[in-house]
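*Asks:* kindly generate the corresponding structure for this input.
(2 chains)
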Amino acid sequence: MKVKPLPAEAIKAAEASPWRRWAPLVGVALIVIYCLAPFYWMVVSAFRRPSDQFSNAVIPAPFSFQNFKDVFGAGNGFGRGLLNSLLVAGTVTILTLLIGMVAAYTLARLDFKFKNAVLAIIITTSMFPGISLVIPLLKLFINIKWINTYQAMIVPSLSFALPLAVWNLTAFFRQMPRELEQAAMVDGCTPAQAFRKVIIPLAAPGVFTTAIITFIAAWNEFLIALSMTNKKSVQTANVIISQFVGTTGRDQPFGSQMAAGVVVTIPLVIAVLIFQRRIVAGLTAGGVK
Amino acid sequence: MSESAPVNNRTESKAGKRVTSFNEGTGRLAAILLSPTLIVLALVVLYPIVSALRESLYTSGQRLDANGFIVKGSTFVGLDNYSAIFHGDTADRFWTAFYNTTFFTVVCVVLETVLGVAMALIMHKAFRGRSVVRAAILVPWAIPTVVSALLWKWIFQADGIANTLLGSQILWSTDGWQAKLSIIVADTWKTAPFIGLLVLAGLQTIPAEVYEAAKVDGASVLQTFRRITLPLVKPALLVAVLFRILDTLRIFDLPFVLVGPHKPSVETLSMLGYDEAFNTRYGPAAAYATVLFVYVAAVAYVFVKLLGADVIGEARAKKPGGGGRAQRKRDAALPAPAVGVTSVGGGM
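*Replies:* Below you'll find the predicted structure:
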């Protein structure tokens, strides 16, 4: 690098200047506003009275829960939608973890010939566009009468959830020292016991993180849930929100849509706030201390 | 299998080189343990892909045969579905969707990368409030794409907050360039912070000494960024960008909910395929899906070949100078961003 060395005082001065100290804080504030302002707008709009829906006041006055009451009103089936979402995303998460954990442990611990090929295959499967999987599966599910069933949403969801979980878990297992299982086996455990009694408890944080990330991915899924169902009673919350119909003529019921959005999002946001360290660590596994 | 494994593991830990002689046994065990995952993936990914290829050569539904009789069921039509895409009446619609998909991908990914890197640099400099930013950044990521699409639709409403703030009267999210812009804004909002998060993780692995050395040498901020930060963050960034590209190529939720189907200005290839399937024209739908699949595969291939995006980073256990473990740890960090990014898009 051809650069002129600066005198030491210049470096000090640069460090001490108020701009240097305050600029990052201003930047941070800007990022926070950028991320949260639209979300804040959703929350605020949800708490307005339906009659003030188009008011642009920053704080809703008066506060109203009417939108939330409307969302859970009889015609929408939104409560059922939430339950369906929970059921589908929950099942996907559990299945994925059960299947993925074994594969991840194998990929992290055993040395075998086509290891890299298998890793490449697994990561490649997550790159395929959802629509090219959904169209043939849709036709298949029509034939075997799976439309409007939970398994029609759960099984295709494995296509993105499983690679995600395997990759995440592989990174976690790899970070754990091999000596742990070896010590357990020296003490007389079989590998299966070592896995169950030593590795699983120690990997619990990683497994938990993977569970959250998989759950959020499955909870947010839309295309599969939209394609595989046409009956409200089995549709997930996401599909139901997107198909809300206004009570008054052709108006879009933005107030209740925002309220529904808040209901769907708040649990995730709370989970993110509580587990943010874990989630970040999971998403960037190994990168963050 | 519980009989053979401990032997393998123990040998492995004592002398890495002798492992090769046990490869066969380990291979069988690995095959057994991996089979559930591979079988599931074969069923939910491989089967549909192959089936879509086959399906795209057929046409279903009622047709008139040569004698004017109605034929029901699938008929083999060869490459007719494909030639219809490129030449028939639907060619315009296809090329518009193709252009939109490419346009969204290029614009969104460039914007998101630039914004994301900028955010990461700011967060890296800030010592106070880091956890607040981190929590804030995860909020757009956690919001389901459908909900964020509705949220932006509401913001871009004719008498919504966007027009109020801008003092304009633009009919966003209806059609035309403004609909495209509303999608770009919404997509960037959701994913730029996330790229920032991944880049930040990369930044934090760079030792402070490197920057101090550069400072002592009098390197300017720009020089430090170009010569130190960028090269060291590049591997993580490339993988993140690749996954963002693949995610945006299959974008569906956002335009579908924010603007709606059958809008030429925002219709993407995924939406086109969905629309055909929705109208039970599975043959053409499968053809669109296959074209998109080939497009995605080609882009991924070019990206990996040209830029050398290291998708399976940990494969490289080169062990230079015996630093095996450290090397492995460094490598393990590489595929991880990929994992994160796959989850972010949601808009498949």
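
*Asks:* quick one: residues contacting the closest residue to chain B within the stretch 1-150 of chain A.
*Replies:* Residue of the stretch 1-150 of chain A nearest chain B, by CB to the nearest CB: A:Gly130 (3.1 Å). Every residue, glycine included, has its C-beta placed from N, CA and C. Contacts of A:Gly130 were listed using CB atoms under 8 Å, 6 or more residues apart in numbering or on different chains, and they are A:Ser159, A:Phe160, A:Leu223, A:Ile224, B:Arg250, B:Phe252, B:Ser270, B:Met348.

*Asks:* kindly report the same for A:Ile59.
*Replies:* A:Ile59 neighbours (CB under 8 Å, 6+ apart): A:Val44.

*Asks:* pLDDT score assigned to it?
*Replies:* pLDDT for A:Ile59: 81.

*Asks:* any idea how far the closest residue to B:Pro144 other than its chain neighbours is from B:Val146?
*Replies:* Leaving aside its chain neighbours, B:Pro144 sits nearest to A:Asn220 (4.0 Å; criterion: CB to CB, 6 or more residues apart in numbering or on different chains). Look at A:Asn220 and B:Val146: by CB to CB, to the nearest Å, they are 8 Å apart.

*Asks:* residues in contact with both of those two, list them for me.
*Replies:* By CB under 8 Å, 6+ apart, the residues touching both A:Asn220 and B:Val146 are A:Asn238.

*Asks:* tell me the spacing between A:Val234 and A:Ile131.
*Replies:* Distance from A:Val234 to A:Ile131, by CB to CB: 21 Å.

*Asks:* can you pick out the residue with more neighbours from these two?
*Replies:* It is A:Ile131, of A:Val234 and A:Ile131, that has more neighbours when counted by other CB atoms under 10 Å in any protein chain shown, with 28 against 22.

*Asks:* wait, that one touches B:Asp275, no?
*Replies:* No: using CB atoms under 8 Å, A:Ile131 is not in contact with B:Asp275; the gap is 10.2 Å.

*Asks:* mind listing the shared neighbours of these two?
*Replies:* Common neighbours of A:Ile131 and B:Asp275 (CB under 8 Å, 6+ apart) do not exist.

*Asks:* quick one, helices of chain A?
*Replies:* A:8-16, A:18-46, A:66-71, A:78-109, A:115-125, A:130-143, A:151-175, A:179-186, A:191-193, A:200-219, A:223-228, A:237-242, A:254-283 (DSSP state H).

*Asks:* what packs against the second one?
*Replies:* This means helix A:18-46. Using 3 or more CB pairs under 8 Å, 6 or more residues apart in numbering or on different chains; DSSP states H and E, the elements in contact with helix A:18-46 are helix A:254-283, helix B:91-125, helix B:130-142, helix B:145-155, helix B:177-204.

*Asks:* cutoff 10 Å now
*Replies:* Packed against helix A:18-46 by the contact rule (3 or more CB pairs under 10 Å, 6 or more residues apart in numbering or on different chains; DSSP states H and E) you find helix A:8-16, helix A:66-71, helix A:254-283, helix B:91-125, helix B:130-142, helix B:145-155, helix B:161-166, helix B:177-204.

*Asks:* list the buried residues of that helix.
*Replies:* Applying a neighbour-count criterion of 16 or more other CB atoms under 10 Å in any protein chain shown, one finds A:24, A:27-28, A:31-32, A:34-36, A:38-39, A:41-46 buried in helix A:18-46.
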